[in-house]
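Student: structural data only, the sequence is not supplied:
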């Protein structure tokens, strides 16, 4: 038979988990919106071509969520902010 007693939850662990969840949501939102803003402001963006090892700079027309994938923020002019933000988001979400 299963034990019908109540489980005790440590309030400190619950608080730390909630803080990590809040921080990870804030980091993810700020880094994604910051990368979107940075991608839109830059005058040039890289155009990757499979045969050429480096992207060719072309005029940046801005990010459009309707015809571009969100992952293009990770390879455009906002790559550093977007990628590091998602790494921090993943690490803080895993550590909960």
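Tutor: Great, that's in hand. The structure displayed is predicted, hence computed values, not measured ones.
Student: any idea which element the one residue sitting closest to the centre of the chain lies in?
Tutor: Nearest to the geometric centre of the chain sits residue 86, at 3.3 Å (CA atoms, centre = their mean). Assigned by DSSP states H and E, residue 86 belongs to helix 79-94.
Student: now do that helix, average pLDDT.
Tutor: Averaging pLDDT along helix 79-94 yields 84.
Student: returning to that earlier point: residues contacting the residue nearest to the centre of the chain?
Tutor: 28, 31, 74 (CB atoms under 8 Å, 6 or more residues apart in numbering). Quick note: C-beta positions are derived from backbone N, CA and C, even for glycine.
Student: buried set for the helix holding residue 86?
Tutor: 79, 81-82, 85-86, 89, 92 (16 or more other CB atoms under 10 Å).
Student: so which residues of the chain form strands?
Tutor: Using DSSP state E, the strands of the chain run over 44-47, 56-59.
Student: how about low-confidence regions in the protein?
Tutor: 1-5, 7, 95-96 (pLDDT under 70).
Student: what's the angle from the biggest helix by length in it to helix 79-94?
Tutor: Across the chain, the longest stretch assigned as helix under DSSP state H is helix 11-41. Interaxial angle, helix 11-41 versus helix 79-94 (axes from the mean of the first three to the mean of the last three CA atoms, to 10 degrees): 160 degrees.
Student: which elements pack onto helix 11-41?
Tutor: With contacts taken as 3 or more CB pairs under 8 Å, 6 or more residues apart in numbering; DSSP states H and E, helix 11-41 sits against helix 79-94.
Student: run the chain-centre distance for the helix it packs on.
Tutor: Relative to its parent chain, helix 79-94 has a centroid offset of 5 Å by CA atoms, centre = their mean, to the nearest Å.
Student: swap in stretch 31-45?
Tutor: Remark: stretch 31-45 is offset 13 Å from the chain centroid, using CA atoms, centre = their mean.
Student: that stretch: which residues count as buried?
Tutor: Applying 16+ other CB under 10 Å to stretch 31-45 flags 31-32, 35-36, 38-40, 45 as buried.
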